[in-house]
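[1] just coords:
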Ligand SMILES: NC(=O)C1=CN([C@@H]2O[C@H](COP(=O)(O)OP(=O)(O)OC[C@H]3O[C@@H](n4cnc5c(N)ncnc54)[C@H](OP(=O)(O)O)[C@@H]3O)[C@@H](O)[C@H]2O)C=CC1
């Protein structure tokens, strides 16, 4: 009798488990799908694979919007993330759809159309054309749809095309945070004030790498603020950056360029958009108040040494680079992409006033996305690589 009841119990448990599995797999199959570019492990560029069977994101909070992506861009970060860059830190804060690492969708900035919205989104209606960014710990936007908190978007400026707009926000917010948060051009935190222009009047700024995605936008922000801007680039980019109206273009490939850079100092700010790094601040006997580099060792230290020792190493790096820069009276800082709402509003206004015009290096279709990744990987960009969906 006891044997029979145990048999019945096992059978019932088995049946329930089978029913649950069938239910789950049916739910999995009936889940809405979309197309997207994903990586399933870290490696080379060919890890980026197209699939028509990607789970469509959905709205998970009243502040979120579901967006049909119309255009996007590729950034050096996307290419680096394929290689596993930042994975240690990002996994510690990751909040993608299922809190899992893979499959991972890259892509950080987009222009798109609102197709669904959370209840707490009175500023947006279905069909609105918006632009925005996706924080690095979330699934990206190199896919048909993206779900994003409305604090990372705003209405797209009407005076530029989708493709032009797609070139701006990630690079623009990086430039914005380097100028206002790290260097504090306005004398305050960029979080507090950026609506009144003129913060650069009387200031001399050197932008290293003025032809690239971040560099060409940084130049335009600084000029809109009234700063005198000098920039470096290689010879074939000189006419392009001259067109931006900078006061001096220095071709860094010439022998005399170092002397010019030193003679032109002191600088209120040197903004490194050319991956020169903190070390470069001390290479020349020049004077500066602030040196901000976007080549930060922060995530690399976490990747290589773990969260604790990586954190300690970051502290050590920050102190040592500043101690060696003391002789020039300058402060050396790291700059980052920060998805700031007031940064998005600032860039929107700059575009609407035609003080910021993006430079497009090249345009690819959504189906050609791997070619766009290759283009960014190969470097020497003149503006941005954009994707039209
Ligand atoms: N920390 C962060 O959160 C972020 C960091 N970044 C980093 O900032 C840097 C710039 O990004 P992005 O503008 O998108 O990159 P791009 O590749 O678009 O631009 C880099 C530009 O620098 C030029 N360049 C290279 N070497 C020099 C040099 N010695 N002097 C002057 N110019 C040079 C390149 O052209 P050429 O080689 O022909 O001279 C190219 O035009 C990258 O290293 C990127 O990884 C970017 C965004 C966020």
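    It's in. All figures in this text were calculated on a predicted structure; none of them were measured in a lab.

[2] list the helices and strands the helix or strand where residue 309 lies packs on?
    According to DSSP states H and E, residue 309 maps onto helix 298-325. Secondary-structure packing of helix 298-325 (3 or more CB pairs under 8 Å, 6 or more residues apart in numbering; DSSP states H and E): helix 87-93, strand 331-334. For the C-beta atoms, the positions are set from N, CA and C on the backbone; glycine is no exception.

[3] what mean pLDDT does it have?
    Helix 298-325 shows a mean pLDDT of 83.

[4] Any buried residues in it, and which?
    For helix 298-325, a neighbour-count test (16 or more other CB atoms under 10 Å) marks 298-303, 310, 313-314, 317-318, 321-322, 325 as buried.

[5] One more: stretch 121-133?
    Buried residues in stretch 121-133 (16+ other CB under 10 Å): 121, 124, 128-133.

[6] tell me the most buried of the helices and strands packed on helix 298-325?
    Comparing the helices and strands packed on helix 298-325 by mean neighbour count (mean count of other CB atoms under 10 Å), strand 331-334 ranks first with a mean of 21.

[7] closest one to residue 34 among the helices and strands packed on helix 298-325?
    helix 87-93 (22.6 Å; CB to CB).

[8] does that closest one come close to the ligand?
    No: using CB under 6 Å from any ligand atom, helix 87-93 never reaches the ligand; the gap is at least 12.0 Å.

[9] returning to that earlier point: I'd like the buried residues of helix 298-325 as CSV, with distance to residue 82 appended.
    Converted to CSV, these look like this (distance: CB to CB, whole Å):
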residue, distance to residue 82
298, 19
299, 14
300, 15
301, 20
302, 18
303, 14
310, 21
313, 24
314, 23
317, 25
318, 28
321, 28
322, 32
325, 33
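
[10] From those residues, pick the one nearest residue 35.
    Nearest member of these to residue 35, counting by CB to CB, is residue 299, at 29.2 Å.

[11] residue contacts, that closest one?
    Residue 299 is in contact with 85-86, 88-90, counting by CB atoms under 8 Å, 6 or more residues apart in numbering.

[12] run the last query once more with 10 Å
    With contacts taken as CB atoms under 10 Å, 6 or more residues apart in numbering, residue 299 has the following neighbours: 77, 80-81, 85-90, 136, 310, 314, 336.

[13] got it, and residue 374?
    45-46, 74, 79, 364, 368, 385.

[14] and it, helix, strand or coil?
    helix (DSSP: H, G, I helix; E, B strand; the rest coil).

[15] got the phi/psi numbers for residue 151?
    phi -70, psi -10 (degrees, to the nearest 10).

[16] Can you tell me the closest non-neighbouring residue to it?
    Nearest residue to residue 151, sequence neighbours excluded (CB to CB, 6 or more residues apart in numbering): residue 341, at 5.1 Å.

[17] Next up, phi/psi of that neighbour, please.
    Dihedral angles (degrees, to the nearest 10) for residue 341: phi -60, psi -40.

[18] quick revisit: among the buried residues of stretch 121-133, which are located in helices?
    Among the buried residues of stretch 121-133, no member falls in helices (DSSP state H).

[19] So which of those is the closest to the ligand?
    The nearest member of the buried residues of stretch 121-133 to the ligand, counting by CB to the nearest ligand atom, is residue 133 at 11.1 Å.

[20] give me the beta-bridge partners of that closest one?
    residue 109 (DSSP bridges).

[21] still on that earlier bit, take the buried residues of stretch 121-133 and write them to a markdown table, including distance to residue 173 and pLDDT.
    Below are the buried residues of stretch 121-133 laid out as a markdown table (distance: CB to CB, whole Å; pLDDT from 0 to 100):
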| residue | distance to residue 173 | pLDDT |
| --- | --- | --- |
| 121 | 21 | 92 |
| 124 | 20 | 97 |
| 128 | 21 | 98 |
| 129 | 19 | 98 |
| 130 | 15 | 98 |
| 131 | 11 | 98 |
| 132 | 10 | 98 |
| 133 | 6 | 98 |
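
[22] Narrow the residues you listed to those in strands?
    Here DSSP state E is the test, and the buried residues of stretch 121-133 give 129-133 as lying in strands.

[23] now the residues you listed in a markdown table, with distance to the ligand?
    Output for these, formatted as a markdown table (distance: CB to the nearest ligand atom, whole Å):
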| residue | distance to the ligand |
| --- | --- |
| 129 | 25 |
| 130 | 22 |
| 131 | 17 |
| 132 | 16 |
| 133 | 11 |
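
[24] Now do the SS call for residue 107.
    Residue 107 ends up coil, using three-state DSSP.

[25] same thing with the one 5 residues further on?
    Reducing the assignment to helix, strand or coil with three-state DSSP, the entry for residue 112 is strand.

[26] Whether the helix holding residue 309 contacts the ligand - can you check?
    No: applying CB under 6 Å from any ligand atom, one finds helix 298-325 separated from the ligand by no less than 7.9 Å.

[27] ok now that helix, how far from the chain's centre?
    Centroid separation between helix 298-325 and its chain, computed with CA atoms, centre = their mean, to the nearest Å, is 21 Å.

[28] circling back to that earlier point, using CSV, please lay out the contacts of residue 374 together with secondary structure and neighbour count.
    Shown next, in CSV, are these (DSSP: H, G, I helix; E, B strand; the rest coil; neighbours: other CB atoms under 10 Å):
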residue, secondary structure, neighbour count
45, helix, 15
46, helix, 11
74, strand, 31
79, helix, 21
364, strand, 18
368, helix, 14
385, strand, 25
